[in-house]
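Colleague: Take a look and give me a structure for this.
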Amino acid sequence: MLKVLPVQSKAEQEALCQKCNISFKPELLAYAATVDDDLVGICQFKLTAEGGVLYDLAKVVDHVEPAAGSDFEAMFVMGRGTLNFIDLCGVHFATFVGSADETLLRAIGFTQNDDGVWAINLEGFFTDHCGNHKEK
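Modeller: As a prediction, this is how the structure comes out:
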């Protein structure tokens, strides 16, 4: 079963970051994705006055995917869950500033602007039909 849950402690966040080979940033919030209680990845992010900022959408290094596509699905759900949390906090814009698979970022809903920044307008994203946000 797929689970995306908030990371409950900084010690846990640090350990998850090590498994995903990313820098632990204690000032950030984090979600972890698991499939059948096996860690798939982590998302570190924060909320600012300008919007939400996702720093990492990172998979576990050398993770053996149990079923075709399950890691991608888990990372997608974690990314969307993070954006939903940001939106529910009243912040309706987010950027992604780390490195991740562009196919995943596009699937989640990010588009790359003229400056090369991955961004998403969350205004109505989770309440209106998602077709309004598909890349044209």
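
Colleague: from here on, contacts and neighbour counts on C-alpha atoms
Modeller: Noted.

Colleague: What separation is there between the residue nearest the centre of the chain and K3?
Modeller: Central residue of the chain (C-alpha atoms, centre = their mean): G79, 2.9 Å from the mean position. As for G79, its distance to K3 is 12 Å (criterion: C-alpha to C-alpha, to the nearest Å).

Colleague: And L122, by the same measure?
Modeller: Distance, L122 to K3, using C-alpha to C-alpha: 23 Å.

Colleague: next one: V35
Modeller: The value you get for V35 to K3, if C-alpha to C-alpha is used, is 6 Å.

Colleague: Find residues that contact each of the two.
Modeller: A74 (C-alpha atoms under 8 Å, 6 or more residues apart in numbering).

Colleague: Look up the residues forming beta bridges with L29.
Modeller: F45 (DSSP bridges).

Colleague: I'd like to know how many residues surround it.
Modeller: Neighbourhood size, L29 [other C-alpha atoms under 10 Å]: 19.
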